[in-house]
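> Pasted the sequence and its predicted model underneath.
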Amino acid sequence: MDLRKIRKLIEIFNHTNLTEIEIHEGEESIRLSRTTSTLPGSPQQQVVHIPIPESQSVSEIHVDDDEVDDEHTISVLSPMVGTFFSSPSPTDDAFVKVGDSVTEGQPLCLIEAMKIFNQIEAEHSGTILKILKDNGDPVEYGEPLFILSE
């Protein structure tokens, strides 16, 4: 099952009232489920379990830039498929910009997946050398979002 099929399934799932769907294709399977909150104002939690065979691992994306020295940089990778947002709302400033120093645990961006905004935090301290995505850009699992210097 390729990532295009998975994205299409998620899109279809988002436009239905289904709370769970599981699809098997040969030895591969995908299960999408969402739980609905019974209390008004409670955050909605959704669980997506997508087993991807090793033969379909995400290919590496290389950034060609003279400024970026691979030995002294860290790529911040997307932990999920979704949509990139640099700030908490369209009127707010970006979480980070090029040249900012960040510390471990500091918010870098949001990734919207299945109508849930997931805050992505720095796993390492460093300085932002490059921001590889713009607001509204789609992102894939394992795709570089930022380049940090150590």
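Arrived safely, thanks for sending.

> so where does the residue nearest to R31 when sequence neighbours are not counted fall, helix or strand?
Closest residue in space to R31, ignoring its immediate chain neighbours: E22 at 4.3 Å, by C-beta to C-beta, 6 or more residues apart in numbering. Every residue, glycine included, has its C-beta placed from N, CA and C. Assessed by DSSP states H and E, E22 sits inside strand 20-25.

> Tell me which other helices or strands that strand touches.
If you count contacts as 3 or more C-beta pairs under 8 Å, 6 or more residues apart in numbering; DSSP states H and E, strand 20-25 packs onto helix 3-14, strand 28-34.

> what comes up buried for the longest one?
By neighbour count, and taking 16 or more other C-beta atoms under 10 Å as the criterion, the buried residues in helix 3-14 are I6, L9, I10, F13.

> Also stretch 114-123?
Neighbour counts over stretch 114-123 (16+ other C-beta under 10 Å) mark M114, I116, I120, A122 as buried.

> of those residues, closest to S75?
A122 (11.9 Å; C-beta to C-beta).

> I figured the closest one was touching D100, is that so?
No - look at A122 against D100 with C-beta atoms under 8 Å: they stay out of range, at 10.3 Å.

> So S149 is in contact with T127, correct?
Yes - using C-beta under 8 Å, S149 is in contact with T127, at 4.7 Å.

> related to what we said a few turns ago, since we're on the residue nearest to R31, how many residues are nearby?
Look at E22: counted by other C-beta atoms under 10 Å, it has 10 neighbours.

> Beyond the helix or strand of the chain with the lowest mean pLDDT, next helix or strand please.
Lowest by mean pLDDT, DSSP states H and E among the helices and strands of the chain is strand 46-49, with a mean of 46. Proceeding N to C from strand 46-49, the next assigned helix or strand is strand 73-77, under DSSP H and E.
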